[in-house]
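Participant: Output the structure for:
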Amino acid sequence: MYDDFLIIHGNPFFTAKRDWLALFTKDYFAHSMQGSYRPMVTLSYMIDGALWGSGPFGYHVTNLLLHVGNVLLVFAAVKAMTNDETPNDERSLNDETRNGLPDTAARVAFIGAALFAVHPAFTEVVSFPNYREDLLVLFWSLAAVCTLQYSIIPTLQHSTPDSDTPTPPHPHTPTLLLSAFFLFLALLSKESGLGLVIFLGLCVWLCGRWRLTHYSLLITPYAVVTLIYLVLRFGVYSAGNELKPSFIGDSFFTNVATMCGVVLSYARMILWPMHLRADYLVSSVSGAGWVMSVGGFVALAAGWLWVIKRGLALRGLDAPRQGGLDAPRQGGLGAPRRDKFLAAERQEHEELAAERQGHSWLPVLALGWFLCFLLPVMNLHPIAHPKAERYLYIPCVGLFVLAGLVVVRLRDRLHSQGLQAAFTGALGLSLACFIALSQARVVECANSLRLWKSAVRHEPDSAIVRSNLGVAYQEQDNLREALLHFERSMELHPSPRAELNLARVKSEMQGTQTESIAIYEKTLGDLPEGSRDLPLMHHGLAIQLRKAGRFEEAAAAHQKAIGLKPDTDEFYLHYGITLQSAKQFAAAQQQYEKALGLFPDRAQTHYRVGTLREAENKFKEAIAAYEKALQLDADYIAAQGSLANALVKTGAFKDALPHFESALAARPDNASWRFSYALSLLKTNQPQKAFEEFGRIDPGKLPGFQRITLEGIMKEMRK
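Facilitator: Predicted coordinates:
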């Protein structure tokens, strides 16, 4: 799915030819197929390849384990930062155990982690190994925060507000350095780790009002790590082929305005996670869209202002005025008025100190986390896809912690146990709904055709969605549907790749590949030596040459593609198809076996093995191969029809019927399948229904022997 096959599967850098040292050389980009320097992600793929081989199972397991680890770290981080270690008799009512429930810290942490664990918007990042970078960034970021709290966050809870001099930081050096190291790993996972730099700065700023030397003691490790990363990312390991999209609307102002509107749509996605899709179309703001943009800007500005204002209030607790609270102010206040004024000031200070001792500063950190990690995905540095569900994976940790805090406080305000139970039940129902939606999304993500059909319903004007849906239909040999979506993609966004897709499917439908072959040859002539697109272009040319019946030229092109990228199963698969088309069955079988050796779970390979066995009149082996293909992809229509035909050839007419029905439901105009279906109905003593199906067939679309048979049957029907 997505770029999993392109970047991960079949890449020898991850499977057979792991070169660990290449992570630190310029060869990194050629081997990893990454567009930017993300060695931690590549290293994780290499470890997966060593443990699991090229099969997808291990990669998905690793993603799931990382997500589970992130959920546990969210709980641990929130619990640690909100845990009040004051003596029991000094705890506030909200921190006491109530009705057998855990304390507030544990409940906030649990609810925040639970919402994060099951939210449907995160299905994409967990389901696709290609998006592992977001999982890794969050993992290392949370690890950095957890270690940081042992160094400076206790200062937030245990500062002495009635002291004349703010307590300077005395960080635990090993944990501070470990936190900086985790920051470095987050940055090496993805550029969005820069959000952690801002957040750590916020944490240090919240600790108190110290001298510059005290701040530098805490900030230096993070500053050094960030500087090293920037030199590596944009200097030493800057990718020469990195995509450089332009701003939305080719204007920084329009880009920012548009992204402010996107922020509000993200809010809807979190609160109402329906109609999620694989790609989102983001257009320049115009008309009524300015309302969304202004609303998003106001919300972001208000969020930052609140964080700063609240942070200043919290920091002020570490900086009482000179001389302490009892020092007289300048001016001529009388003793009674002065005493009254000082009493009010002391009470206000004690109230603020009590709030700080509790959990009032947690919203500052939670909202600060969201805003800090939202910045890297605000398209301030243009990215290819300005809006995506996966961009919310890291920022939304802060929102869910805020949600946990709100839920706990609302529940604690309910004095009736019945209302508290109803409130808890509503929360449980919400989590159950999220789980159900996530499960449905997982099922959708497991199949390319379902995924892109769902996307096109919600984004009919997205050229990317149309193109990917066309590819999915083409893989299913449904050329008519593929042509419709490729044509629409070309209308929406003309490009060389769209032109190539369109020419290729037209050639297949017209039975002449002259145009598509010419486009491939021209593209190959324009590509520089060493281009990463060369193997795919040779592969595409080989397929077109095969369809033109030029098998020897096709075989030569296949060999060039395999020589450039020898561990790609699709290259061997299509080489096998070419050899099978040339009636070289034994050689074709060898190529299929190589393809299955690299990737045993590709449905198309098993389907082609089935066609080969059927051509050799080995029908039982063909049936087994078709069934395996359908086991891997239940929506593989060609495999349904071929399995039904193979069952008919073995006399299993009754078993063939449901497969014919599934195939014809998707392709009702396939005359050959309908003929075999009607014949199977006739053989299973359903003559009335069989004659109805025979009557729906256009004889001109049938092969010769079936057409002759149909004509005889129709004569009998007329009698």
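Participant: ok, now which ones touch the residue lying closest to residue 70 once chain neighbours are set aside?
Facilitator: In space, and not counting its chain neighbours, residue 70 is closest to residue 138: 5.1 Å by Cβ to Cβ, 6 or more residues apart in numbering. (C-beta placed from N, C-alpha, C; glycine too.) Residue 138 sits next to 70, 393, 394, 397 when contact means Cβ atoms under 8 Å, 6 or more residues apart in numbering.
Participant: before we move on, what about residue 255?
Facilitator: Neighbours of residue 255 in contact, by Cβ under 8 Å, 6+ apart: 247, 248, 249, 379, 382.
Participant: picking that back up, now, which of the contacts of residue 138 sits nearest residue 517?
Facilitator: Closest approach between the contacts of residue 138 and residue 517, by Cβ to Cβ: residue 393, at 43.4 Å.
Participant: what's the closest of the contacts of residue 138 to residue 570?
Facilitator: Using Cβ to Cβ, these come closest to residue 570 at residue 393, 29.9 Å.
Participant: How about the backbone phi and psi for that closest one?
Facilitator: phi -60, psi -40 (degrees, to the nearest 10).
Participant: That one against residue 119, yeah?
Facilitator: No. Taking contacts as Cβ atoms under 8 Å, residue 393 lies outside contact range of residue 119: 9.2 Å.
Participant: the more surrounded of these two?
Facilitator: When residue 393 and residue 119 are compared for neighbours, residue 393 comes out ahead with 26 against 23, by other Cβ atoms under 10 Å.
Participant: got any ranges where the stretch 451-600 of the chain has weak pLDDT?
Facilitator: For the stretch 451-600 of the chain, applying pLDDT under 70 flags the ranges 511.
Participant: Now for residue 509: which residues touch it?
Facilitator: Neighbours of residue 509 in contact, by Cβ under 8 Å, 6+ apart: 479, 480, 483.
Participant: Checking it next. Helix, strand or coil?
Facilitator: helix (DSSP: H, G, I helix; E, B strand; the rest coil).
Participant: The strand or helix carrying residue 605 packs against which elements?
Facilitator: Assigned by DSSP states H and E, residue 605 falls within helix 603-615. Packing contacts for helix 603-615, counted by 3 or more Cβ pairs under 8 Å, 6 or more residues apart in numbering; DSSP states H and E, involve helix 569-581, helix 585-598, helix 619-632, helix 637-649.
Participant: quick one: which of those helices is nearest residue 40?
Facilitator: helix 585-598 (25.5 Å).
Participant: returning to what we had before: any chance of the contacts of residue 255 in JSON lines, with secondary structure too?
Facilitator: Below are these laid out as JSON lines (three-state DSSP):
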{"residue": "247", "secondary structure": "coil"}
{"residue": "248", "secondary structure": "helix"}
{"residue": "249", "secondary structure": "helix"}
{"residue": "379", "secondary structure": "coil"}
{"residue": "382", "secondary structure": "coil"}
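Participant: sorry, back to before: any idea of the mean pLDDT in the helix holding residue 605?
Facilitator: With pLDDT averaged residue by residue, helix 603-615 scores 94.
Participant: show me what contacts the nearest residue to residue 206 once chain neighbours are set aside?
Facilitator: With sequence-adjacent residues excluded and distances taken as Cβ to Cβ, 6+ apart, residue 206 is closest to residue 311, at 5.5 Å. Counting by Cβ under 8 Å, 6+ apart, residue 311 touches 202, 205, 206, 364, 368.
Participant: Of the residues you listed - the most surrounded one?
Facilitator: Top of those by neighbour count (other Cβ under 10 Å): residue 368, with 25 neighbours.
Participant: so who does it touch?
Facilitator: Per Cβ under 8 Å, 6+ apart, neighbours of residue 368: 199, 202, 307, 311, 398.
Participant: Which of those residues sits closest to residue 268?
Facilitator: Nearest member of the contacts of residue 368 to residue 268, counting by Cβ to Cβ, is residue 398, at 17.7 Å.
Participant: Remind me which helix or strand the closest one belongs to.
Facilitator: Under the assignment here (DSSP H and E), residue 398 is part of helix 396-412.
Participant: what's the angle from the helix or strand just after that helix to helix 396-412?
Facilitator: Scanning forward in sequence from helix 396-412 by DSSP H and E, the next helix or strand is helix 417-445. Angle, helix 417-445 to helix 396-412, by axes from the mean of the first three to the mean of the last three Cα atoms, to 10 degrees: 160 degrees.
Participant: between the helix or strand following helix 417-445 and helix 417-445, how many degrees?
Facilitator: In the C-terminal direction, the helix or strand that comes right after helix 417-445 (DSSP H and E) is helix 448-458. Angle of helix 448-458 versus helix 417-445, following the same axes, to 10 degrees, is 110 degrees.
Participant: ok and helix 448-458 relative to helix 637-649, angle-wise?
Facilitator: 130 degrees.
Participant: which other residues reach the helix holding residue 605?
Facilitator: Residues contacting helix 603-615 (Cβ under 8 Å, 6+ apart): 475, 569, 573, 576-577, 580, 585, 588-589, 592, 595-596, 599, 619, 621-626, 628-630, 632-633, 636, 638-639, 642-643, 645-646, 649.
Participant: switch the cut-off to 6 Å
Facilitator: 573, 577, 580, 588, 592, 595-596, 621-622, 625-626, 628-629, 632-633, 636, 639, 646 (Cβ atoms under 6 Å, 6 or more residues apart in numbering).
Participant: pLDDT below threshold where in this structure?
Facilitator: 1-19, 30-33, 53-55, 82-102, 151-171, 208-214, 239-244, 316-360, 511, 716-719.
Participant: mind checking the backbone torsions on residue 461?
Facilitator: Torsion angles, degrees, to the nearest 10, at residue 461: phi -110, psi 20.
Participant: Repeat that for residue 635.
Facilitator: phi -100, psi 20.
Participant: Renumber starting at 136 from here on
Facilitator: Sure thing, new numbering starts at 136, so read that last one as residue 770.
Participant: Can you get me a residue count around it?
Facilitator: 17.
Participant: Contacts only, for it.
Facilitator: 582, 584.
Participant: Next, the most centrally placed residue in the chain: phi, psi?
Facilitator: For the chain, residue 260 is the residue whose C-alpha lies nearest the centre (Cα atoms, centre = their mean; 2.9 Å). Residue 260 adopts backbone torsions of phi -70, psi -30, taken as degrees, to the nearest 10.
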